[in-house]
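Novice: Okay, predicted coordinates and the sequence, questions at the end:
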Amino acid sequence: MKPRVLVTGVGGPAGRALATQLTERGIPVLGTDIRDLPEVSGVPVVRVPAATDPELVSALRRLVSSEGINLVIPTVSEELPRLAAFRAGFGPDVRVIIGPPGAVALADDKLYTAWQLHSAGVPVPAFGVPRDFRCAEEALELLGGPVVIKPRVSRGGRGVTVVRSGSDVDWAGLPGGLIVQEFIPGTEYGPMVFGTPAHNTTPPFAVVVEKTALAQGEVGNALSTRRVEAGEANDVGNLAMNAVRALSLTGPVDLDVRRRADGTPVVLEINARFGANSQRAPELLDAVLASFALPAFNPASFRQTRGAFAHALV
């Protein structure tokens, strides 16, 4: 069966990257976004309610039915918990590429993610919430300052602040819903993992990209990336796969990882979806499509020999 694909958030970086790859493969694609947009990468776009709107799932279900969609790929972080919970409502002939509801809920909240990874022995920055510390100076001391303050539920560089001294922030005036993390100063990576779902015979694997420039200098979205060479940053790839396994996530997963000053990699956060850099790892989409009988598509031809890091789970 040849898939007819719905990509949500097609106007965003992750959605655009997927739309481009799908159209290059000759696969019919329909996109959704909360804005009125012209075509994105040759893909028509339908406006839908925001991710927080209770009508979103119903709107997507109507599109799936009217357009003959059999594969839904969500790319908007705020949609993921709801779509994971209600994916069965799309019908038995429609696959929604998302992990189990509990795992997706853990990944959606950076504090819950850190708790779960820490308990599983997966390295993460030292962390807490603002009320764990009497003031900024105490947070800097106990977490080995400087520290990063960011929303527990967000994506990209939204609301991220690096605090180096008590004068950098009004600690008493901080809103709720924040996490405080030890600032990790080293190289940042964006490993992408395919955590195998039960219906897919493709073994888990990871592809690692290095973020060579960030939007806000020390933090933020990647402005440029490079796919690492074979044998490079294997520790980052193994860490990423261990993190995905610790959260029991399946399908495509996008992570942020940084190295401590001594070179040890730690997981900053996890996104239970395709990320903005998925074009650097086309085998992720290959793995998703492998269960469909695509013309001229051979799942065995995964691009794991292109001189870049992609290996099986260890």
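Specialist: Right, received. Where do you want to start?
Novice: so Phe194 sits in a strand?
Specialist: Yes. Counting by DSSP: H, G, I helix; E, B strand; the rest coil, one finds Phe194 located in a strand.
Novice: surely it meets Ala287?
Specialist: Yes. Phe194 is within contact range of Ala287, at 4.7 Å (criterion: C-beta atoms under 8 Å). To be clear about C-beta, it is placed using only N, CA and C from the backbone, and glycine gets the same treatment.
Novice: Now for those two: what residues contact both?
Specialist: Residues touching both Phe194 and Ala287 by C-beta atoms under 8 Å, 6 or more residues apart in numbering: Thr202, Phe205, Pro252.
Novice: State the distance from the second one to Ala240.
Specialist: The spacing between Phe205 and Ala240, counted by C-beta to C-beta, to the nearest Å, is 10 Å.
Novice: Spit out the residues that contact those two alike.
Specialist: Common contacts of Phe205 and Ala240, defined by C-beta under 8 Å, 6+ apart, comprise Val193.
Novice: Mind checking which of those two has more residues around it?
Specialist: Shown here are Phe205 and Ala240; by other C-beta atoms under 10 Å, Ala240 has more neighbours (28 against 23).
Novice: and the more buried one, helix, strand or coil?
Specialist: On the three-state scheme (three-state DSSP), Ala240 is labelled helix.
Novice: Help me confirm that Thr113 comes into contact with Leu247.
Specialist: Yes. Applying C-beta under 8 Å as the test, Thr113 and Leu247 come out as touching, 7.1 Å apart.
Novice: what about Phe194 and Ala287, which has more around it?
Specialist: Phe194 (29 against 24).
Novice: my read: Gln103 touches Val253, true?
Specialist: Actually, residue 103 is Ala. It isn't Gln. No. Taking contacts as C-beta under 8 Å, Ala103 lies outside contact range of Val253: 9.5 Å.
Novice: any common contacting residues for these two?
Specialist: Common neighbours of Ala103 and Val253, using C-beta under 8 Å, 6+ apart, are Ala272.
Novice: Ala59: neighbouring residues, count only.
Specialist: Ala59, neighbours per other C-beta under 10 Å, totals 15.
Novice: Leaving out the residues flanking it, which one is nearest to it?
Specialist: The spatial neighbour of Ala59 that comes closest, neighbours along the chain excluded (C-beta to C-beta, 6 or more residues apart in numbering), is Val48 at 4.7 Å.
Novice: Could I get the full set of helices for the chain?
Specialist: Using DSSP state H, the helices of the chain run over residues 13-24, 56-67, 80-86, 101-108, 110-119, 136-142, 234-247, 283-289.
Novice: now the ones you listed as TSV including mean pLDDT?
Specialist: Listed next are those as TSV, based on pLDDT from 0 to 100:
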stretch	mean pLDDT
helix 13-24	95
helix 56-67	96
helix 80-86	96
helix 101-108	96
helix 110-119	98
helix 136-142	96
helix 234-247	96
helix 283-289	93
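Novice: between these, which gets nearest to Arg226?
Specialist: Of all the helices of the chain, it is helix 234-247 that lies closest to Arg226, at 13.2 Å by C-beta to C-beta.
Novice: For His118, give its distance to Leu37.
Specialist: Counting by C-beta to C-beta, the gap from His118 to Leu37 is 40 Å.
Novice: And the residue nearest the centre of this protein?
Specialist: Asn271 (2.7 Å; C-alpha atoms, centre = their mean).
Novice: pLDDT on the longest strand anywhere in the chain, on average?
Specialist: Looking across the chain with DSSP state E, the single longest strand is strand 251-259. The pLDDT scores in strand 251-259 average 96.
Novice: Start at 57, not 1
Specialist: Renumbered: residue one is now 57, and that last one reads strand 307-315.
Novice: chain center to that strand: distance?
Specialist: Put simply, strand 307-315 sits 7 Å off its chain's centre (C-alpha atoms, centre = their mean, to the nearest Å).
Novice: mind listing what that strand pairs with, with the direction of each?
Specialist: Using DSSP bridges, strand 307-315 pairs in its sheet with strand 244-245 (antiparallel), strand 248-251 (antiparallel), strand 321-327 (antiparallel).
Novice: what angle separates the longest one from helix 157-164?
Specialist: It stands for strand 321-327. Angle of strand 321-327 versus helix 157-164, following axes from the mean of the first three to the mean of the last three C-alpha atoms, to 10 degrees, is 120 degrees.
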